[in-house]
Every structure is written in C-alpha cells, then in structure tokens.
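Kindly generate the corresponding structure for this input.
(chains A and B)
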Amino acid sequence: MRKLKTLPRIYMILIFILLYIPIAVLVFYSFNSSNSTSVFTGFSFHWYRELFHDAATITALKNTLVLAIISSIISTVLGTIASTGLYYSKTRWYKKSVMTVTNIPMMNPDIVTGISMMLLFVFIGTILKISGVLGFATMLLAHITFELPYVILNILPRFRSMDKYLTEAACDLGCTPVQAFFKVTLPYIKSEILAAFIMAFTLSLDDFVISYFVSGPEFQTLPIRIYSMTKKRVTPDMYALSAIIFVTVLLLLVLTNVAQDEDLREKRRLRREKASLNKVASNAGNALPKVVLSAVAIVVMLSAFAVPAFAYSLDDYKIDKDYYANNPYRGTTLNVYNWGEYISDGAEDSLDVNAYFEELTGIKVNYTNFDSNEDMYAKIKSGGANYDVIIPSDYMIERMVKEGLLLKLDMKNIPNFKYIDEKYKGLYFDVSNEYTVAYNVGYVGLVYNTKMVKEKPDSWSILWDENYQGQILMFNNPRDGFAIAQSLLGQDYNSTNPSDWALAYDKLLEQKSVVRSYVMDEVFNIMESGDAAVAPYYIGDIVTMMDNNEDLDVAYPKEGANVFVDSMCIPTTTQNKGAAELYINFMEEPEVALANAEYICYATPNVIVRDLDEYSLQGDEIIYPDDSLIENYQYFHNMPNDVQSLMTNYWSDLKVDGNSNISTYIGLGVFALVFAGYGVYRIIKKRRREQYYD
Amino acid sequence: MEKNVIIELKNISVAFDGEPVLKDLNLKIRDGEFVTLLGPSGCGKTTTLRIIAGFQEPDAGEVIFEDKCINGVPAHERQVNTIFQRYALFPHLNVYDNVAFGLRLRKMPERDIKQKVEEMLELVDLKGFNRRSIDSLSGGQQQRIAIARALAVDPRVLLLDEPLGALDLKLRKDMQVELKKIQKRLGITFIYVTHDQEEALSMSDTIVVMDKGEIQHIGSPTDIYNEPANAFVADFIGESNILDGVMKKDFAIEFSGHVFKCVDKGFSEDELVDVVIRPEDVDITTPEKGMISGVVTNVTFKGVHYEIIVDIGGFKWMIQTTDYSAVGDKIGLLIKPDEIHVMKKSKYSGRYGDYSSFSDEMDHISDVDEILVDVEETEDE
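Numbering: from 1, shown residues only, chains lettered A, B, ... in the order given. As a prediction, this is how the structure comes out:
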C-alpha cells in the first residue's frame, strides 16, 4: 500500500521538476548581474532595466501582443460562425470535405504553410502592383489562417452534444433565427469560445516559422526577434522578458481562478437573497469580471512596455547635423534588414543609432532582423518586402551581385566611404567598390582554458589532440567545420576539387573520437563554466566569453582560418535609395561607427574609429590581430551547387554515426513489425468473431 | 360540438432526398380538440407536426390557420408552440428563465412575467422550483417545465412530439392524465404525436392513424378500434385476427369454411373482403357447439386473461379468454354477428392478423441456439 501511495507522488514531483525547473533557472538568471548563463556573479535588476531600454524588443513585444489580440479575436469570431454553419449544414459530404480542408493547415508543417503563404502574398502583391506587400496585413491574415482550424476544432465538438432542437425551441417561443443564435446557441458554446480564443492567442504569441516568412520590414514579432539573435547570442534581457511574461500569465491564471470562485460564491449568494426578477441582469454580468480582469491584465502588461526610454550618450564627435537635417527624404520610411544584435541599440547606455538617425533626418527607420544569410536571401529574392539597406556577409554579396539583386551605390552620397580601411575596399565580391560599404570584420579564432591547456596553442592540431579527448568542442555547421580541417591540410576553402573535400572529410572523421560535441551557441555555457578545454569560434564572441571567465584566452592558429566581412548594400527591392545611401553614410560617421564597434565587439573597418582615444578596444590585440597572425586567413566564396551539396553530404555522413544509423533502422523495423503484427492480430480476432454472427 | 376548424392541411406533400414522406395529405383540426397523430416510426407524423409548427416547408399543398394560408410564415410568428421529444430546455437558464423565455421576447413587463411564470409553474405542479437549474431536475420535472414554457406564451395550438417517450411507464401514465387535464382546463387545441396506440386511445378526441405518409383512418378512439378502415389500422390498434372472407350477401359472410351472420351490408355479391375479429370478442366452447373448431397450439398467462393460439384450418387465431385450455385441446369458437367487422380489401390485406409467426418465432430462436452450440463444438475440435 505504501508503494502505491509514494509512486504517484514521485511521478508528480518529477513532472513538476521537469516542467518548472527550466523556468526557475531562467528566472534565476534574469537576475544575474553579468550576461553569463553559467556563472552567477551577483543579484541585480540590470537586465530588467536593459529590457525597458531596448526599444526594438519593446516594439516587437507590442507588435506580438497587438497581432495576437486582433488575430485571435477575428479567428474566434470566424471560427464560431464557421462551426455554427458546419453544424447546421445538412449535406454530410459537404461537412466532411470542409472539415478536411480546414484541418489540413493543422497537419501541414509550418514551414510549408509559411512559404506557400509568402508566395501567395507576393504573387497577389505583384498582380495588384503593390510593392512590399509583406507586413502587418499579411501576418494578420496568416495568423488568422493557422488559428482558424484550432478554433473550429475547439467549438465544433460542443455542438455535437447540443440538443438539435434547442434552437428550434427558441424559434418556437418567438425568437428570430438570429435571436435564437445569440440567446441560446451562443450561451451554450461560450466556454468553448473562450477556450478557443485563449488557444488562438497563445498560438499567435509563439508562432515563429509562419510569421518569419510572411513578415515585412515594418512589422516584426518577438519570436522573430529572439530567433534572429544569432550573430551574437540571446541577450539576458530576454530572460527578464520571459520571466515577466511567465509571472503575468501566472497572475492571470490565479486571478481568473479566484474570480471564478468569487463568481460561484456570488451566484450562491444571489440564489439565496435576490428575487428571481433581477436574476437576468446578474446572469449577464457573470461573465463580465473575467473578461474585464483579463483585459486589465493585458493593458497593464502593455502599458508597462509602452514607454521605452531612449538613452543618448554625449556626442563629442562632430557630426554635420545640418547635412542630415537638410535631406529631401524627410518623412519617408527606411527599411533596414540586419543580423540580430548587430547594431548599437541604446542598451547599457549605448547610443541608439537608429533613433539618432531618425532624430537627425526625420526619416523613420524600420529595423528588422534575420538570422542567416540564406534566410535573408530568400526574403529578398521573393521580392515580397521592400528592404532598403541589408547587411549580408561576403559570399552572399558575391551571389547577390551575380544574380543582380543589388543596386550600385552612388558614392557621391556616401562621402564617409573614405574612412574605410583600404584593406576592406575592392574585395573579391566587389572589386570595383560599386555595391558595398564594409560594416564589420570578424575572424575565427581558438578559445582555450588556461587551466587545462598549459601552453598557448598555435595550431588547429590541438583540436585533434588525444590528450584533450572529451574536452574539445567543434563547430556545428559544415562550412566553418570544414574550414578548420582545410586549414590544417593547407587547402583553399573554396576548392572545387572533390578529392580536396574527401581529404578534409577524412580529417574530420579522424577528429570525431576526441570531440566532446559539435556546438554553436552552446559554446558560451560550456566554455564559460570550464567544462571544455578548447573550441573554435568567432572572435567577437570569444571576447564575450573571456569577460565571463578569466581563465579563458584566445589564439590565432598559424594555419589560418576564416575571415569574414559583413557589408552594407542596397537591394533592388528598395523604394528609397537616396535615404538608404544617407543611412549607409551615417553608419560610417565616426561617432556612430564608434558606438557600433563598442557594442558589437567585432573589428570595425572604419580607420578613424580605430584610432580614437575614446575607443575602449583601441589597439586590442584580440579584435585587431597583428597582420602576421592572420596572413593565412581566407574568405569564403559563394560555392557552386555541386560543391555545396558535396560538402553538406560529407557533413551529414560525419554527424551520423554508421552504427547508430543501423540501430535506427532496426528500431524503426521493429516498430513497424510490432505495428503490423498488432494489425494482423486485430483482423484475425475480428474474423473469428464474425463467424458467430450468422 | 360543432367547433371551428383551426388548422387545415390541404394536399400536403413532402419528400426528403427524393423519398416521399407525406403524400397528398388532407387534415382538418377543430379548435379545442385533442388530436393524436398515431403511426409507426417513419410514417410522417412528426413531419406533419413540423409543418404545422413551421420548421418544415411542404413541397406542395397549403397550411391554413384560421382561414389564412400560413405557408412561409416563420416558426416564431406562428401561434403554435411545440413540446419537443427531449424537451429542449435551455441548459444555461434556470427554471424561471426557461418559462419566462417566450414572455421576455414578447416584451412583457417583468412584473407580469413573474405572475405568469408563477401561474404556469403552479399549473404543472412545480411551484417553488424557480431557481433550480435544469440539470437538477428529473425527466418528469423537465417535461413539466417544457409544458409550462410552451403554455406560458398562450398558444392557440400546442404541438406535442412524443413528449412522454423518455419517461418510465408509471410516470407516463400519470402524465397522460395530467396532460388531458391541462388540455381540458385551458381548452386549447393539442396535436399529439405518438406511436403508442394505448396512449392515443386513452387521451384523444380524434385519432389520425398514419402509415407511409398517408392517412389511413381518422376517427374517435372507439371508431378506430371497432371499425378500423383497413387491415393496417386493425393490426396497429390492439390485437386482431384478420381473415380473408367472402361477402355472400348482405348480413352474411363466409370465412374459415363457415358462413357467419354479420351486421355489415352494401358489398357486392361474393366480394372478397377482410374480416377483423378482436381476440377478446371470441367465446370458447366445445368443438361440437362451436361454429368453427381447432387445436390449441400455445397458451400464455397474461394476468387478467389467457392468451391462446388456436389453429383453425391452418390459420392461427389469437383468443383472449379467462377460461383455461391446455395445449393440444380441441376447442370450438362462437362469434356474435356484431363482433365481426368487415373491411374492403386494401393494399395491406394479407399482411397482418395471422398469428402463425407467434409460435414459429419460438422455434426460430431455439434453432439459433442449436446453431451456436454447433459452432462451438466445431471450434473445440
């Protein structure tokens, strides 16, 4: 008997731990004073303050809530009407086919829904000659579309349990059909409608995939913003935001539960005291407190975020304010598409670059993020969004130039181009300086823990060193991963010779046994907590890691590694080229470039900034390595498709263990056999039973 | 008792998906009458009711209410109200609000509504149930609330669609009495749909027997029972032995190899007819004294009487009698002239009124048992 009692309890505790530990950790780290996720350096509200200074996040949050509320209201109304119609429709095949059609979006992978909607919207945009059709309206439509089946699925079953004569009875007593719907049907399904609304709301709130494809430059939601924080990692102010959302939801739940209890008590009291005459009025009022309560909670949540504070630092640098003030584009809108966390945005008392630009020029900036070159490319290629300034990486620029997706810049309008280091002019992807102005330069380096690695390493070979077995991390993406092996082999990263790639693959395979894991953003936690000895990563991020763990140091391997340049370009989708050039010029103003360089922690190609006394990273040997350290560094070029697929195939071969492959197949086979066996068993059983029927 | 016709159905036809449900139906209902539409399921009785209520438009024909055609008038504008099979009470409203529902729609002042609701609840014997929720009521109480709700709006005609179908036998009997009382007291027209012939006989002023979308017989309960229009009506209302007979001449009919005196006339000579003899109208005697005779094949004790099956020349009769006979006894039957009811041949002739299946059914069931045993035996092998 004891066992029976303790088991469910253990089970309960386990479930609670699994469900709530992650949230508890998140809330805990939202109060961390540093930005590390593995080291708790002290209690502070720092990230909460940051959050309220982060204008982009606040806007995204506001957008998310507005979109969720409007789309869930519309989809609930439409869904209710649809369910009612479906329920009363007489023809069975019609009902069935409509249900199937509505259910498809639910079964459909989000990515397919997202892409097909984007195509549809762009197509319609082309027909109607609307440029930049993607935006709030398309997102709203998309959200309504994917919420609708869930709403119908929530409401329709309730109809099945309804006495089908209920509405007839109402009509019989004198209701018009419309009155009957509002007086009888609606009250009958009201709790399902509320449930459907809440479901639609949450679905809208956390949808990323579909939103990503149908969003435009003017309107981005919180999930998109968080996902695109990959150039650098997710900042801890997101922990703060998540904690706030969690607490709000918790409060909302507690409040509604309390309200429901009060409701019940109120009902009982009314039953005892009030004359039945007044009963109707109170009946109508019953639903009210809950609605009011949730409305108040939402308004409170909204208003808490509604007033973002802009923090400007003092400008000691001469900016020709008149030049920016007297521009002919005042009142227009500029759509900037950049990596997440890749601009100085006002956080931690930095300069809010976009706000400053808006203030000076009177041009409104819609600043949105992407999370990979390829995603950005797809968005531009689709032509559905009017981006004016984009900041892709080198190899992607090469490709876009080839495909004619970029406009030539008018350098007369970008005088600050003169500040760009000659090293970053005339690079392979823009030999005659027609399309790009360099924004940031980064290197891949080696981060190592000085407590574990005694001697400063100077070669990638340490990543193959069996002495560090199980303490070695490796890139979890094919291009960066292969580049390490290729460096060791002395190959060209952009080789089109298959035998080169085969050699590199063998090299990587050789390394596999000593690698602890293949990582991207996880590298921060593992290295900061001292759980691994060495890892290759991007220099700017290594600097962040070093800030959080003193034991870490950086090395530039002698075989070289990847160097990358992200540059500002103007895509052919632009509607405002002049303002775009103004913006690019502005970004290279020493004051602005300084703020960005300080914030992003990558090397700036702006020579003025590098020599400014105010630049805290001036002469930093890590971010600005000596030329001798990087003489073997190479750029990535756009790869031909066949080489690309050769590489990705090798990479997946590497990642998939031959044995585990076989065991997967065996597992699947066993599963299929069991399934088929059960089916046969059922058929035999049924046959045997059928013998008795006659 | 010559009262005005309140509802008239003229040449009503309805088909669902090409399947005719009502065929050229004509019916007059007088004000204040208790009319029952009686018939097996699928006979079109509920459809008739729905046409009167306005939930169903007829494909052809006219619905006339007090000399005015009301085809196309929606349900909520008709002066008729319905009691639904499963009551269709509004689950989100309490008893009071359910009864007040129709009154509120008529914009009656709350004070008057209260008075009316109280009055109605008193009528159905549920005073003080005002604040009870619908879920907390028993089936019988829900039934009464449904009645109160429908009557609260003072309908000219109350339509009842098998209202007692969901109640147990005892409650059903009580409610029959109750309903009849209410109808008498209010003096409004009740149109009652049921498949229960006993219910129809005990409550109605007029019974309309329907089958396959057609009216078979309209008449008072005694008419219908004693003078059924055809074999279907005879069989559906009570038990009947229906035999093929030949009308020799007026007041003389031959069946079962014997010429009986009867009270029927007006048939042509040697016309083939159906003869109905109710089981309780046959007297038993010795084979010698009987007009006809046969062998008892089955005896069932029914409490008040025995139900015996007698084989007379291959046709099996059912006889209800208080005298006991044993299976295998040879007995004679006596039938008085006024117990013989002669009907014209109809499409129903020859399909009802023979009790030969009565014992065969038993045989059939025992056969099934044997088959099952057989199967099980083979399984074991």
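
where does the stretch 251-381 of chain B have low pLDDT?
Along the stretch 251-381 of chain B, the parts satisfying pLDDT under 70 run over B:353, B:356-381.

Tell me where it has helices.
Taking DSSP state H, counting those that start in this stretch as the test, the helices found in the stretch 251-381 of chain B are B:356-380.

Measure how buried A:Asp492 is and give me the count.
11 (other C-beta atoms under 10 Å in any protein chain shown). Glycine gets a C-beta too; all of them are placed from N, C-alpha and C.

Am I right that it falls within a strand?
No: A:Asp492 is assigned coil when assessed by DSSP: H, G, I helix; E, B strand; the rest coil, not a strand.

Could you tell me which residues make contact with it?
A:486, A:500, A:634 (C-beta atoms under 8 Å, 6 or more residues apart in numbering or on different chains).

Where neighbours are concerned, which of the residues you listed has the most?
Highest neighbour count within the contacts of A:Asp492: A:Gln486, with 26 neighbours (other C-beta under 10 Å).

Hmm, that residue is touching A:Ala504, no?
Yes: counting by C-beta atoms under 8 Å, A:Gln486 sits close enough to A:Ala504 to count as a contact (5.2 Å).

related to what we said a few turns ago, okay if I get the contacts of A:Asp492 as JSON lines plus distance to B:Ala166, pLDDT and secondary structure?
Listed next are the contacts of A:Asp492 as JSON lines, based on distance: C-beta to C-beta, whole Å; pLDDT from 0 to 100; DSSP: H, G, I helix; E, B strand; the rest coil:
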{"residue": "A:Gln486", "distance to B:Ala166": "82", "pLDDT": "94", "secondary structure": "helix"}
{"residue": "A:Asp500", "distance to B:Ala166": "84", "pLDDT": "93", "secondary structure": "helix"}
{"residue": "A:Gln634", "distance to B:Ala166": "85", "pLDDT": "92", "secondary structure": "strand"}
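
any idea how far the nearest residue to A:Pro415 once chain neighbours are set aside is from chain B?
Nearest residue to A:Pro415, sequence neighbours excluded (C-beta to C-beta, 6 or more residues apart in numbering or on different chains): A:Asn585, at 6.5 Å. Relative to chain B, A:Asn585 is positioned 66 Å away (C-beta to the nearest C-beta, to the nearest Å).

so A:Asn585 is in which element?
helix A:577-587 (DSSP states H and E).

Now do that helix: distance to the chain's middle.
Offset of helix A:577-587 from its chain centre (C-alpha atoms, centre = their mean, to the nearest Å): 27 Å.

For A:Val389, see how far away the residue nearest to A:Pro415 is.
11 Å (C-beta to C-beta, to the nearest Å).

same thing with A:Ala532?
A:Ala532 is 38 Å from A:Val389, by C-beta to C-beta.

Those two: which has the busier surroundings?
More neighbours surround A:Val389 than the other of A:Ala532 and A:Val389, with 26 against 23 (other C-beta under 10 Å).

ok, that one touching A:Val336?
Yes: contact status for A:Val389 versus A:Val336: in contact at 4.7 Å, counting by C-beta under 8 Å.

Quickly list what's touching both of these two.
Here A:Val389 and A:Val336 have A:Tyr583 as joint contacts, going by C-beta under 8 Å, 6+ apart.

mind listing what the residue lying closest to A:Gly135 once chain neighbours are set aside touches?
The shortest distance from A:Gly135 to any residue other than its chain neighbours is 3.6 Å, reached at A:Gly216 (C-beta to C-beta, 6+ apart). A:Gly216 makes contacts with A:132-136, A:138-139, A:335, A:384-386, as judged by C-beta under 8 Å, 6+ apart.

cool, B:His92 as well?
By C-beta under 8 Å, 6+ apart, the residues touching B:His92 are A:184, A:187-188.

quick one: which of those has the most company?
For the contacts of B:His92, the largest number of neighbours (other C-beta under 10 Å) sits with A:Val184, at 25 neighbours.

Surely that residue is in a strand?
No: per three-state DSSP, A:Val184 lies outside any strand segment and is helix.

Going by residue numbers, what spans are strands in the stretch 101-250 of chain B?
For the stretch 101-250 of chain B, the strands defined by DSSP state E, counting those that start in this stretch cover B:157-161, B:189-194, B:206-211, B:214-219, B:241-249.

got the phi/psi numbers for the residue of the stretch 201-350 of chain B found nearest chain A?
For the stretch 201-350 of chain B, the residue closest to chain A is B:Gly213, as judged by C-beta to the nearest C-beta, at 20.2 Å. Taking degrees, to the nearest 10, you get phi 80, psi 10 for the backbone angles of B:Gly213.

Around chain B, which positions in the stretch 1-150 of chain A sit nearby?
For the stretch 1-150 of chain A, no residue is in contact with chain B (C-beta under 8 Å from any C-beta of the partner chain).

Tell me where the model's unsure across the stretch 1-150 of chain A.
A:1-4, A:35-38.

how about a cut-off of 50?
Where the stretch 1-150 of chain A drops to pLDDT under 50, the residues are A:1.

Tell me the spacing between B:Leu49 and chain A.
From B:Leu49 across to chain A, the span is 11 Å (C-beta to the nearest C-beta).

Need the CA coordinates for the one helix or strand that residue maps to. CSV is fine.
Using DSSP H and E, B:Leu49 falls within helix B:45-53. Taking Å, rounded to 0.1, in the frame of the first residue of the first chain, the C-alpha atoms of helix B:45-53 are listed here in CSV:
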residue,chain,number,x,y,z
LYS,B,45,-46.4,12.0,-38.2
THR,B,46,-43.5,14.1,-36.9
THR,B,47,-43.1,15.7,-40.3
THR,B,48,-46.7,16.7,-40.2
LEU,B,49,-46.2,18.3,-36.8
ARG,B,50,-43.1,20.2,-38.0
ILE,B,51,-45.1,21.5,-41.0
ILE,B,52,-47.7,22.9,-38.7
ALA,B,53,-45.0,24.4,-36.4
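
what's the model's confidence in it, averaged?
Across helix B:45-53, pLDDT averages out at 89.

What is that helix packed up against?
On a contact count with 3 or more C-beta pairs under 8 Å, 6 or more residues apart in numbering or on different chains; DSSP states H and E, helix B:45-53 meets strand B:5-16, strand B:19-30, strand B:34-38, strand B:80-83, strand B:157-161, strand B:189-194.

Next, the closest residue to A:Val643 other than its chain neighbours: secondary structure please.
Leaving aside its sequence neighbours, A:Val643 sits nearest to A:Thr496 (C-beta to C-beta, 6+ apart; 5.3 Å). Here A:Thr496 is coil, with the state taken from three-state DSSP.

Contact partners for A:Thr496?
Shown in contact with A:Thr496 (C-beta under 8 Å, 6+ apart): A:639-640, A:643.

which among those end up buried?
Buried members of the contacts of A:Thr496, scored by 16 or more other C-beta atoms under 10 Å in any protein chain shown, are A:639, A:643.
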